[in-house]
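# Build me a model:
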Amino acid sequence: MQPLKDTHAVILDLDGTLIDSVPDLDASLNGMLSDMGLPSVDEAQVRMFVGRGTPHLVRSTISVHLNEETVATSFDKALTLFYRHYRNFNGERSRMYPNVREGIEKMVAKGLKIACVTNKPSVFTEPLLAKNGIYSFFDAIFCADSFPKKKPDPFPMIMTCKKFSLSPNQVVAIGDSKNDAKAARAAGCSLFLVPYGYNYGIPVEELKPDAVVEDLYQAVDFID
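Numbers count the residues shown, from 1 in each chain. This next block holds a predicted model:
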């Protein structure tokens, strides 16, 4: 594709785009299940639940073992237990994907504004970015609790554009899933997708992005 013209900012997803956080989540969820006297789940199952916010993650996990009625009565306890474990594991087993730091540095060198828009709560987002040494690169960080709506709703994307005083067509969103795609398209942003994240088994090509990029470093080559 030809490089995007008149693009001045990048919105980056976190889980599945910048960092593979599933190992942390897997350990935390299985700690939660153990505390509840329930069998563990495997990492492959956890990967299918990630990306739609913490309540969905916890609810989906306990639904593996409990019926709908019991899930409803157990959810608050499960969420509390998950948070307790995740505070200990957050950033301990996760890892940045290849060329993330190099790609972000390349964006900075090109003069692009950079935002992180994630469905992860802020109490976990900022420590995770800091532990991976990339927190200081972001001009804005918006999390699940930053706005009344989260992805796939376009509201966080729209508010990020306003933060930068840019129109959505001057901003490209980079993510890994249909939630990122829906939010970016509805907001009017350009869209790049990476093929390595958490997209519930759906090839990202099917989401018809402006480009599928191998990594963040390559993504910068498509931004003019």
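# Next, the contact list for the residue nearest to V204 when sequence neighbours are not counted, please.
Once flanking residues are discounted, V204 sits nearest to L193: 4.0 Å by C-beta to C-beta, 6 or more residues apart in numbering. The way it works is simple: take the backbone N, C-alpha and C, and place the C-beta from them, glycine included. L193 makes contact with I174, G175, D176, D180, A181, V204, L207, P209, A211, V212, V213 under the criterion C-beta atoms under 8 Å, 6 or more residues apart in numbering.
# List the buried residues for the longest helix along the chain?
If you go by DSSP state H, the chain has its longest helix at helix 68-89. For helix 68-89, the neighbour count (16 or more other C-beta atoms under 10 Å) marks V71, S74, F75, A78, L79, L81, F82, Y83, H85, Y86, F89 as buried.
# Dig out what the residue nearest to V204 forms beta bridges with.
Following DSSP bridges, L193 is listed with bridge partners G175, V212.
# residues near V204, how many?
23 (other C-beta atoms under 10 Å).
# So which other helices or strands are in contact with the longest helix of the chain?
Contacts defined by 3 or more C-beta pairs under 8 Å, 6 or more residues apart in numbering; DSSP states H and E place helix 68-89 against helix 22-35, helix 54-63, helix 122-131.
# Would you tell me which of the ones you listed gets closest to A9?
Closest of these to A9 is helix 122-131, at 17.5 Å (criterion: C-beta to C-beta).
# Alpha carbons of that closest one, as PDB, please.
Output in PDB follows, covering the C-alpha atoms of helix 122-131 (Å, rounded to 0.1, in the frame of the first residue of the first chain):
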ATOM      1  CA  SER A 122      -5.400   1.900  34.700                       C
ATOM      2  CA  VAL A 123      -4.100   0.300  37.900                       C
ATOM      3  CA  PHE A 124      -2.600  -2.500  35.800                       C
ATOM      4  CA  THR A 125      -1.800  -0.600  32.600                       C
ATOM      5  CA  GLU A 126       0.700   2.000  33.800                       C
ATOM      6  CA  PRO A 127       2.800  -0.500  35.900                       C
ATOM      7  CA  LEU A 128       2.900  -2.900  33.000                       C
ATOM      8  CA  LEU A 129       4.100  -0.200  30.500                       C
ATOM      9  CA  ALA A 130       6.600   1.000  33.100                       C
ATOM     10  CA  LYS A 131       8.000  -2.500  33.800                       C
END
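# Which positions within it qualify as buried?
F124, T125, E126, L128, L129.
# Of those residues, which is the nearest to D153?
Closest approach between these and D153, by C-beta to C-beta: T125, at 17.8 Å.
# Excluding chain neighbours, what is closest to the closest one?
C143 (4.7 Å).
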